[in-house]
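Visitor: this one's structure only:
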């Protein structure tokens, strides 16, 4: 084809040759006219033949080009109308102006032109309005999935079928390996004094129960020790188990009733696009979270670090032992003695438990001959601990060890031991900068473990079964050297922390709680002084009463009250209001919503154990215990917070009713 298209260009060369030939003939005619005549005839014949050939080639070329143009045009029309790619033109009102035949075939709709883009897919119009300029997105149409390229300026859509690709992605996603670490929460405690025959029966029943569950769900299960199992499955199996909200936990409760042996399960699951060793680490981390939150629940962690929880609807059994308290106490003693000083921090807006337990750790440091300091922000003191702080100020031997965060930073060295009490979240400590200045960190807390946790702690003593951190610190004090006597105010501060967190020994109170209180009373704790610390201001009492007056009942047994927009309440008053509502007849849970001093919307949640308020608050970026939890929200209103809370409560109850 290229040769034929180039030949017409030779005509210029031919004319040049003929021009030169004519000039040459002129010379020949001048000298030899006979030869010139002969050559002239030949030249004329040659010229005629060249013109004829040139004309024929030109006709053939024109015919070829005409045929090729038609074919290209024909192919373009067929490609536009018949190729398996959807093309849609729409107007400014988002109505279809033109489509190719492929769109009719996919949508199975005869009349599309003139209709809204919603006729193609309900997801199409919202996506177009959200996007800017040229962007891609995916939409479903009938049983297909399409990749859509939007050219907004031209009001043009290209739709490419990606159904097979989506199916492959789904198959790959569903076949991802998932590891399950299953732990019998209180197996050692239950079987410690159990007869061999009963223990054998328990092992047989539990193994048979888990094997049946694994078989029904397509899991591979292997018992790795007396209280541990390993299961291997796929993401598709995990999705099914999540839809059932892991009803194996409830089935285990029924088995407990039959055997009259209170064994519960904790399951840690690792999932994601990760290697097997990484999945193993994720599963173990999930199991640690589940156990740290009290057990009897499932924790799922993926490769992005996101965690989901199921279960945890029952009060955990008390599992900690005197042996563990003694081991932790001795380990803490060794860490204290190896440090140059001890810096103690509680959480922001400290309560009685945080201050009391910090004073207890200060006594442990001094008992072991090491200087201790409590990080205290005088601008972050609530009315609930004001009287305790005033009493501490009147005791110079204690008050001199309270320092502000800036002074504490100057004291921290590479050998300083930092002890965090009554919290395990780095975002909640008094000073995060202090936390990061030393590698030696100890965490002592009684809250259920959350996703956020202090990195690489040297020692962790977390017991969600304890009433308070003050109770844990009191037990640690019992196993410390007897060199320094516990002062009356120190013992009273610890007792105040226990009394406040247990609501005067009515909630989360075990036998160990009374043992700790008895020890403190023997060391001189003044119960009358505790009552003075807990006395309320009359104006605050009236303010709380007005908040209670606004309470309404939701789902028959839930009390919800919210303050007026603009009315500011302290976190202690919000918590006290929730506690008071819980004492009313017929109330199983209470939620108090109000604006806080820091501008956030605070929610304080309480329950008698029938409702797990921790799970509800975690869905609002909060946390706490099964019966005591809270959260703070930003960039929202009180009415919006109440609506969100009710939606979460509805979902919680619907999930329980479907189980």
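Guide: Looks like it came in fine. Just so we're clear, the structure is a prediction, and the values are computed from it rather than from any experiment.

Visitor: Not counting stretch 323-343 itself, show me its contacts.
Guide: 361-362, 364-365, 368-373, 375, 408, 411-413, 415-419, 434, 438, 440, 442, 458-459, 461, 472, 475-481 (Cβ atoms under 8 Å, 6 or more residues apart in numbering). Where you see a C-beta, it was placed from the backbone N, CA and C, and this is true even at glycine.

Visitor: among the residues you listed, which ones are buried?
Guide: Buried residues within the contacts of stretch 323-343, counting neighbours by 16 or more other Cβ atoms under 10 Å: 361-362, 364-365, 368, 370, 372-373, 375, 408, 411-412, 416-419, 434, 438, 440, 442, 459, 461, 472, 475-477, 479-480.

Visitor: and the residues you listed, which of them are in helices?
Guide: Residues of these located in helices (DSSP state H): 361-362, 364-365, 408, 411, 434, 472, 475-477.

Visitor: what would these look like in JSON lines with distance to residue 330?
Guide: Output for these, formatted as JSON lines (distance: Cβ to Cβ, whole Å):
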{"residue": "361", "distance to residue 330": "15"}
{"residue": "362", "distance to residue 330": "19"}
{"residue": "364", "distance to residue 330": "11"}
{"residue": "365", "distance to residue 330": "15"}
{"residue": "408", "distance to residue 330": "27"}
{"residue": "411", "distance to residue 330": "26"}
{"residue": "434", "distance to residue 330": "26"}
{"residue": "472", "distance to residue 330": "15"}
{"residue": "475", "distance to residue 330": "12"}
{"residue": "476", "distance to residue 330": "9"}
{"residue": "477", "distance to residue 330": "13"}
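
Visitor: So which of these is the closest to residue 156?
Guide: residue 434 (58.9 Å; Cβ to Cβ).

Visitor: hey, what's residue 136 bridged with?
Guide: residue 149 (DSSP bridges).

Visitor: Show me the helices in the stretch 101-250 of the chain, by range?
Guide: For the stretch 101-250 of the chain, applying DSSP state H, counting those that start in this stretch gives helices covering 101-107, 124-130, 163-174, 187-191, 196-217, 235-243, 248-259.

Visitor: What segments of the stretch 51-200 of the chain are strands?
Guide: Counting by DSSP state E, counting those that start in this stretch, one finds strands in the stretch 51-200 of the chain at the ranges 86-90, 96-99, 134-141, 144-151, 156-161, 177-184.

Visitor: Let me fix that, I meant to ask about the stretch 551-659 of the chain.
Guide: For the stretch 551-659 of the chain, the strands defined by DSSP E, counting those that start in this stretch cover 552-554, 558-562, 589-595, 601-607, 623-624, 628-633.

Visitor: quick one, which of these is nearest to residue 148?
Guide: strand 628-633 (35.9 Å).

Visitor: same question for that closest one, mean pLDDT?
Guide: Average pLDDT, strand 628-633: 90.

Visitor: ok, now which ones touch residue 522?
Guide: Per Cβ under 8 Å, 6+ apart, neighbours of residue 522: none.

Visitor: okay, it: pLDDT?
Guide: Looking at residue 522, the pLDDT reads 93.

Visitor: What about the spatially closest residue to residue 653 that is not a sequence neighbour, how many residues nearby?
Guide: Distances taken as Cβ to Cβ, 6 or more residues apart in numbering place residue 555 nearest to residue 653, at 6.4 Å, with adjacent residues excluded. As a burial measure, residue 555 scores 14 neighbours (other Cβ atoms under 10 Å).

Visitor: Quick check, residue 555 in contact with residue 652.
Guide: No. In this structure, residue 555 is not within contact of residue 652 by Cβ atoms under 8 Å, at 9.7 Å.

Visitor: For residue 599, what are phi and psi?
Guide: Dihedral angles phi and psi of residue 599 (degrees, to the nearest 10) take the values phi 90, psi -10.

Visitor: What count of nearby residues applies to it?
Guide: Residue 599 has 10 nearby residues by other Cβ under 10 Å.

Visitor: wait, what's in contact with it?
Guide: Taking Cβ under 8 Å, 6+ apart, one finds residue 634 in contact with residue 599.
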